[in-house]
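**Q** Predicted coordinates and the sequence they were generated for:
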Amino acid sequence: MTTTAEPQTSRATAVWLAGVAAVVLAMVVVGGATRVTGSGLSITEWRPISGAIPPLSHADWARVFDLYRATPQYRLTNQGMSLGQFQSIFWWEWVHRLLGRLLGVVFLIPFLVLLVRRRLPRRLTWRCVGLFALGGLQGAVGWWMVKSGLENRTSVAPERLATHLGLALLLFAALVWTALEAWSGPRRRSGQVEPGWIRASGLFLAAVYLQCLLGALVAGNHAGLVNADWPLMAGRLFPSDYWQGSVWATLAHGAAAVQFNHRLWAYGLLAAGLAMAAASLRSGGEAVRPITAAIAVLLLAQVGLGIAALLLTVPLPLAMLHQFTAVTILGAATILAWRARRMK
């Protein structure tokens, strides 16, 4: 029997939002690759529609290469680069921007279809509108970030990179949370957790998010290429060049400082993740036990990847895997926080 009542759950909505989150994940990983390969400034124009078509002729390639050769990055870092070498970095940035455009398409079209067919829960409609707006803001911030590297720098400003990544990760976590809401509906699920899990899971999610931002500062300052030893830093427990004269210069632009902060926060996250996994074995943690175990394993793998990337001077495959695992941990932390609140 059919009904016109508004649905409280929608598996189609949940699958759609999870698919959009997967696109965001891919975009973040490719964005990380553009940082490692120095590709982010290879496209010097902001053309949201026409820019989806890459250069198709030698004249087109010559034009975009000429634009790049006018940038400080070319003059100071890549002087003498051939057209073929330019194309190798151009494609990374082009794919990154293409994924951003694809994100808008895979969000908007299914959203309209689900809305017209009344398969989108009404309680989530405006939340989805907000997600779409956040995606648009992310694109604008991306260009704001790129502009910082086209004038007086050879790379983008680290704080703008962290803002760009932070918005992408906020969008990713919100998509995962909303997908869970669409799949399960507003009712509480079976199972109980102790009240302390609500606070602990929320703090852990915030801590994971902050660690991702610290990682962006590491990438933006090329800090993975300095003090490339472990567990010490240049043979010291605390880097001698940590302080850079001011709080802002140190925390945002000090290569040794941002790497040290990223390392230290990673140790804290690992300890917290292992503690939560152990705590879930006690009474009152059955509902979150599988996800805390997964988080503990992911954190152990992530720490290992970070150390390997540092010691091997940040090879591209390891850097991309490190980025992928970071977003995966954020997704798992989002699921944990959602479950803790749903099973209150």
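**A** Received the coordinates, thanks.
**Q** Excluding sequence neighbours, find me the nearest residue to residue 173.
**A** The shortest distance from residue 173 to any non-neighbouring residue, by Cβ to Cβ, 6 or more residues apart in numbering, is to residue 334 (4.6 Å). Bear in mind the C-beta positions are built from the backbone N, C-alpha and C, glycine included.
**Q** who's in contact with the one you found?
**A** Listed by Cβ atoms under 8 Å, 6 or more residues apart in numbering, the contact set of residue 334 reads 173, 176-177, 205.
**Q** And these, which two are furthest apart?
**A** Pairwise distances across the contacts of residue 334 peak at 10.7 Å for 176 and 205 (criterion: Cβ to Cβ).
**Q** could I get the contacts of residue 334 as a markdown table with secondary structure, distance to residue 329 and pLDDT?
**A** Listed next are those as a markdown table, based on DSSP: H, G, I helix; E, B strand; the rest coil; distance: Cβ to Cβ, whole Å; pLDDT from 0 to 100:
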| residue | secondary structure | distance to residue 329 | pLDDT |
| --- | --- | --- | --- |
| 173 | helix | 11 | 98 |
| 176 | helix | 12 | 98 |
| 177 | helix | 15 | 97 |
| 205 | helix | 10 | 98 |
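**Q** what about stretch 166-185, distance to the chain center?
**A** In terms of Cα atoms, centre = their mean, to the nearest Å, the centre of stretch 166-185 is found 13 Å from the chain centre.
**Q** sorry, that was for stretch 219-236
**A** The answer for stretch 219-236 is 22 Å, by Cα atoms, centre = their mean.
**Q** ok, and for it, which residues are buried?
**A** Neighbour counts using 16 or more other Cβ atoms under 10 Å place 219-221, 223-224, 226-227, 233 of stretch 219-236 among the buried residues.
**Q** Pull it out as PDB, backbone CA atoms only.
**A** Listed next in PDB are the C-alpha coordinates belonging to stretch 219-236 (Å, rounded to 0.1, in the frame of the first residue of the first chain):
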ATOM      1  CA  ALA A 219      51.900  20.300   4.200                       C
ATOM      2  CA  GLY A 220      51.600  24.000   3.700                       C
ATOM      3  CA  ASN A 221      55.000  24.700   5.300                       C
ATOM      4  CA  HIS A 222      56.700  21.600   3.600                       C
ATOM      5  CA  ALA A 223      57.500  20.700   7.200                       C
ATOM      6  CA  GLY A 224      57.600  17.000   6.400                       C
ATOM      7  CA  LEU A 225      60.900  17.600   4.700                       C
ATOM      8  CA  VAL A 226      62.700  19.000   7.800                       C
ATOM      9  CA  ASN A 227      63.800  17.100  10.900                       C
ATOM     10  CA  ALA A 228      63.300  13.900   9.000                       C
ATOM     11  CA  ASP A 229      64.300  11.600  11.900                       C
ATOM     12  CA  TRP A 230      62.200   9.800  14.500                       C
ATOM     13  CA  PRO A 231      61.500   9.600  17.400                       C
ATOM     14  CA  LEU A 232      63.800  12.600  17.900                       C
ATOM     15  CA  MET A 233      63.800  15.800  15.800                       C
ATOM     16  CA  ALA A 234      67.200  16.600  14.500                       C
ATOM     17  CA  GLY A 235      68.500  14.500  17.400                       C
ATOM     18  CA  ARG A 236      66.600  16.500  20.000                       C
END
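**Q** Now do the end-to-end distance for stretch 308-319.
**A** Stretch 308-319 has its terminal residues 10 Å apart, counting by Cα to Cα, to the nearest Å.
**Q** same question for that stretch, mean pLDDT?
**A** Throughout stretch 308-319, pLDDT has a mean value of 96.
**Q** who's in contact with it?
**A** 32-33, 36-37, 224-225, 228-230, 305, 322.
**Q** In helices only, show me the buried residues of stretch 219-236.
**A** When DSSP state H is applied, the buried residues of stretch 219-236 are split such that 219-220 fall in helices.
**Q** Closest to residue 156 out of the buried residues of stretch 219-236?
**A** The closest of the buried residues of stretch 219-236, once distances to residue 156 are taken by Cβ to Cβ, is residue 220, at 6.6 Å.
**Q** Give me the buried positions along the helix of greatest length in the chain.
**A** Under DSSP H, the helix in the chain containing the largest number of residues is helix 83-116. In terms of neighbour count (16+ other Cβ under 10 Å), helix 83-116 has its buried residues at 86-87, 89-90, 92-100, 102-104, 106-107, 110-111, 114.
**Q** distance between that helix and the chain's centre?
**A** Centroid displacement of helix 83-116 relative to its chain, using Cα atoms, centre = their mean, is 16 Å.
**Q** just how off-centre is the helix or strand that it is followed by within its chain?
**A** Next helix or strand after helix 83-116 toward the C-terminus (DSSP states H and E): helix 122-147. Distance of helix 122-147 from the chain centroid (Cα atoms, centre = their mean) equals 14 Å.
**Q** now helix 122-147 against helix 83-116, angle please.
**A** Orientation check (axes from the mean of the first three to the mean of the last three Cα atoms, to 10 degrees): helix 122-147 against helix 83-116 gives 160 degrees.
**Q** quick one: low-confidence parts of the stretch 101-250 of the chain?
**A** Where the stretch 101-250 of the chain drops to pLDDT under 70, the residues are 187-192.
**Q** Where do the domain boundaries of this structure fall?
**A** With domains defined by automatic domain parsing, the chain comprises 9-187, 189-344.
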